[in-house]
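Undergrad: got a predicted structure here, sequence first:
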Amino acid sequence: MQVIGSCSFLSMRWGCSRRPVRPLALYTLRRSYAATTNPGNESLKDHFGAIDAKWQARWQQPQHQPSPVKDVKKGKAYILPMFPYPSGNLHLGHLRVYTISDVLARFKQMQGYDVIHPIGWDAFGLPAENAAIERGVSPALWTLQNIASMKKQMKVMGGRWDWDREILTCDPSFYKHTQKLFLLLHERGLAYQAESMVNFDPVDKTVLANEQVDANGCSWRSGAKVQKIMLKQWFLKIKEFQQPLLDDLEVLAKGNKWPERVLTMQKHWLGKSEGAKIRFQLENTDGTRSWPEVEVYTTRIDTLFGAQYLALSTSHPIVTKLAETHKQLHDFVQGARKLPSDSKDGYKLPEIRAKNPLFSAGLVGLENVPEWIPVYTAPYVLDHYGSGAVMGIPGHDTRDNDFRQENTHSPANVKIVVTAEKGASSKQTVDTTSAASKVDTAKPFTNKGYVTEGFGKFSGMASDEASDVIIEALRTNNVFAEKAENWRLRDWLISRQRYWGTPIPIIHCDTCGPVPVPDSDLPIELPALADEYFIGKAGNPLQNIQGWKNTACPKCNAPAERETDTMDTFMDSSWYFMRFLDPANTAAPISSQKADAGLPVDVYVGGVEHAILHLLYARFISKFLATTPLWPSGGGSENRAEPFKQLITQGMVHGKTYSDPSNGRFLRPNEVDFTDSRGPRIKSSGLEPVVSYEKMSKSKYNGVDPGETIATHGADATRAHMLFQAPVSEVLEWNPNSISGIKRWFTRILRLSAGPWIPTTILENGFIPPKDQDTSLLEILKRFHPSDKPADPRSRELTPDESLVQALTPKEVELWLKTQSTIASVTDSYSNTHALNTVVSDLMSLTNRLWDTQSLYNSGSQLSCTLRYLSFTSLLRMLAPIAPAFAEECWERLHEVVARKQVDQVDHPLHAPEPTSEISYVRSIFSFGFPIHDPHIVKLLSPTQTCAVMIDGRLKFTTEIPMPPADLTSEVDEGGEAKRDNKAVVREWIRGVSWGGRRRRIASALTGRVWRGCRWLW
């Protein structure tokens, strides 16, 4: 039925008169595969899910494991997707990232690389503990159940993973080494405990790093408003590595290996700036009391003339002291802890003012500069920026201007002291207290420029010059000033007050202080807790488990207590990719030999949402480990201990969303009528809903279960559809209806696998496919070269290779060039651009070309059939990384039809090793490698190239000219005499080769004008 259906389809397309019916013997031959090798094979024609199931089951059998195509010259290829958190269900975002990594891993394996493609589980974290509190089940049990469920889903996806390298971060055999890394950091003085103001999540009852608080001051996970409290916490000194973390971004930028936006985000988070430190004198407004000088860091000291206020952080010592006696200030400070970091709220400190350092230095010409300025406290001032104080320059900083407008209660003008044009007078904005000011206030001038007139010797100076002169003038007059740099990056806060995380291996002794746990006592395991222990409880249960908490000091053996904080889960993900290379090592996180052999990761695939935290921490830990015996080489001098050579950030998957236009409410699918011929309508109102694509979420009712999609359409069709819909780095708008196009394409390939392009006579007499799938065209031609073909008397003397290709017909040349161009394009897309959507489109194009060649089967020769065979097998091999089961099925069907005899030969490459039955299997397609582009044959088959002729910048016509010889140099690479000589060579080549030594007339089809030699004739 399979072959008859295929032939009848072709008959309808080309007409029965052009496609004679095939002999019954051929039908019998092509149906024998279904009858003898797989009784259920007939149903696979249109059921792609059945094809997936068949091959996923077969791959589990040892005799059907593909023999790796390894080339020792290729080396290793470490392809890694960011490992998943075991939430219990995979979503389409998971499917996308793991499809991308699996495709690239399979491609590299087919190229001969020793591929490492592991998978593991980011198993610690708050969601598991919160689920335990809600459901009354231990985090360990909940996590393991979810892992088991997600493993089943991942296997259905059709991915091939190194399951023997699987790791769980909640496994003591893993977090033992996370604790070792902490102790290594502690030994080097890079892990320390300090009391500080921290972000506290009142819902999850734990501390958050600054990076885990959003712009609205809310927790990244619970969404609760974050509170500021003082706690003793553990930090890692990531700032010790801030300069190499910044400098080595250049390594990642080479060859566009990392996306530009990720590099920009990393630079911004590191936040290096260059400026100056100066000090303001503070005193009471009545001059009765002086306060300690306040140090300020600024990147624009050239705008010091425009300082109009000083702002201190809410925890600055001066603010704390004043708050003891001023209730309103105390209440503001307490309330400010709940305000977001970008709040414009402020409080003017009572009876205190600051003196501009320019006056402290006794400089002259400052008539337009206020000597004394007010002092505020504001939540936007960070403790760790400079010394927790900033000078407010409303005329040159947007944030300062917004703050001033919010907090100035009397008319005051904003001073503009630097302008774009030299020699400008000092400008002022309109009164910010007037009604018009909300619209008319001039925007701050934030760029560098020239100091305006009216500021003595500084007037007219460029910003950079003025900065240097101001610093020197202050220092000359014994006022503190110095050039300085500042970083936005803070040390990494890793303490978490929760149970489900890696215990920090520190013991607190009243006599000895914090003492590291001896290496022989690792791992410090979490205590096993009953399910009911977690019901309704928040906070950290480790604080109340005395049997676990109480211990003896390793130094003095006195009673002591374990550290009850656990580590941030980013600590686990900062080094997990190393553990994959040495998962059974019990003595160390990784051996130096395994690290040198496997690192860095060649391709890392994951979401852009991890562009800052995870990637920055992983880079830090890698650079630290390069200073230890664990990875002393750091991947070589050119790698500089970077963990990920290339980064692919896939876009999110958005789902179709329906909302009510009257109120914006998202609609459930059952609230929408899809049967109306006019389009979807809201059942309750009859209105047309607003249709959009949004990030998938339960609240928007637009989630898609990948399991259902795979069950309906098959894993391979789903994978191909997902890759085809959008470039990997862009948002994918999921439309399941368009997957039908992929299925039609697959159906066409499936029909081609029956070999309808081989004439009956050739197939019955014995078609012999080449043993080597990458046999060159010249070798094939030597096998079939006709000896009676007359030479063309008009042609010049041909080389042996040129003579061979004369045997090809134009259609054969066209097909082979199409195949070679597809191989080149697809290889580049897999290797460099990772434009996997164009891979699918290129393969579709080649499929159509092969499909169209079937009409020539009657006149086909052994040579023609061999070329079609190799073109089709090249198509299947290029498709295999994307649709592995489907490609295997088509590969097997093809060779059961056209190479059954060769499959049964034990010494033939198509023969599967170690057959378990009387039936010989076709060797896996993954054992034959990836097609190799042959540029030499392309040049032989394409002796000309298109040349566009332009005159006065306008295209006149195009013509075909011979390809230039490979040794013809370009004049842009030469200089002097060589350039002039090369021009002569090029000119001679154009005259001699293109025109055969004669002037040639070329008529433009558009204008009728004639080009003769090198000039136009009218």
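TA: That came through, no problem.
Undergrad: for the stretch 301-450 of the chain, give me the ranges with low pLDDT.
TA: Flagging of the stretch 301-450 of the chain using pLDDT under 70 yields the residue ranges 409-412, 426-442.
Undergrad: what ranges does it have for its helices?
TA: Under the criterion DSSP state H, counting those that start in this stretch, helices of the stretch 301-450 of the chain are mapped to 317-323, 327-336, 357-360, 398-407, 437-440.
Undergrad: give me phi/psi at Ala307?
TA: phi -60, psi 120 (degrees, to the nearest 10).
Undergrad: what number of residues lie near Arg165?
TA: For Arg165, the neighbour count with other Cβ atoms under 10 Å is 17. C-beta: built from backbone N, CA, C; applies to glycine.
Undergrad: now do the contacts for it.
TA: The neighbourhood of Arg165, defined by Cβ atoms under 8 Å, 6 or more residues apart in numbering, consists of 116, 118-120, 580-581, 583.
Undergrad: at 7 Å what do you get?
TA: 118, 580, 583 (Cβ atoms under 7 Å, 6 or more residues apart in numbering).
Undergrad: pretty sure the first one sits against Arg160.
TA: What that stands for is Pro118. No: the criterion here is Cβ atoms under 7 Å, and Pro118 misses it with Arg160 at 11.2 Å.
Undergrad: for Gly655, which three-state class applies?
TA: Under DSSP: H, G, I helix; E, B strand; the rest coil, the three-state class of Gly655 is strand.
Undergrad: run through the bridge partners of it.
TA: Here Gly655 sits in beta bridges with Glu694, as judged by DSSP bridges.
Undergrad: any idea which of the contacts of Arg165 is closest to Leu955?
TA: Minimum distance to Leu955 across those is 54.1 Å, recorded for Pro118 (Cβ to Cβ).
Undergrad: what about that closest one, how many residues nearby?
TA: By other Cβ under 10 Å, 23 other residues sit near Pro118.
Undergrad: circling back: dump the contacts of Arg165 into JSON lines; add distance to Arg404 as well.
TA: Formatted as JSON lines, those follow (distance: Cβ to Cβ, whole Å):
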{"residue": "Pro118", "distance to Arg404": "55"}
{"residue": "Phe580", "distance to Arg404": "54"}
{"residue": "Pro583", "distance to Arg404": "58"}
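Undergrad: any chance of those residues in a markdown table, plus distance to Gly634 and pLDDT?
TA: A markdown table is the format used below for the contacts of Arg165 (distance: Cβ to Cβ, whole Å; pLDDT from 0 to 100):
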| residue | distance to Gly634 | pLDDT |
| --- | --- | --- |
| Pro118 | 21 | 97 |
| Phe580 | 18 | 98 |
| Pro583 | 22 | 97 |
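Undergrad: out of these, list just those in strands.
TA: Pro118 (DSSP state E).
Undergrad: need the contact partners of stretch 492-499.
TA: For stretch 492-499, the external contacting residues (Cβ under 7 Å, 6+ apart) are 126, 129, 198, 205-207, 209, 233-236, 238, 526, 539-542, 565-568, 571, 617.
Undergrad: go with 8 Å
TA: Stretch 492-499 is contacted from outside by 126, 129, 139, 198, 204-207, 209-210, 231, 233-236, 238, 504, 526, 529, 539-542, 564-568, 570-571, 617, 620, using Cβ under 8 Å, 6+ apart.
Undergrad: centre of the chain to it, how far?
TA: With Cα atoms, centre = their mean, to the nearest Å as the basis, stretch 492-499 stands 27 Å off its chain's centre.
Undergrad: tell me which residue is most central in the chain.
TA: Thr649 (1.6 Å; Cα atoms, centre = their mean).
Undergrad: my read: it touches Ile612, true?
TA: No: Thr649 is beyond contact range of Ile612, at 12.0 Å (criterion: Cβ atoms under 8 Å).
Undergrad: got the contact list for Gln902?
TA: Applying Cβ under 8 Å, 6+ apart, the residues near Gln902 are 768-769, 895, 908, 910-911.
Undergrad: tell me the buried residues in the host helix or strand of it?
TA: Per DSSP states H and E: Gln902 is located in helix 900-903. Of the residues in helix 900-903, 900, 902-903 count as buried by neighbour count, 16 or more other Cβ atoms under 10 Å.
Undergrad: which among those residues gets closest to Glu283?
TA: Using Cβ to Cβ, Val903 comes nearest to Glu283 of the buried residues of helix 900-903, at 95.9 Å.
Undergrad: which residues does that closest one contact?
TA: For Val903, the contact set (Cβ under 8 Å, 6+ apart) comprises 895-896, 910-912, 920-922.
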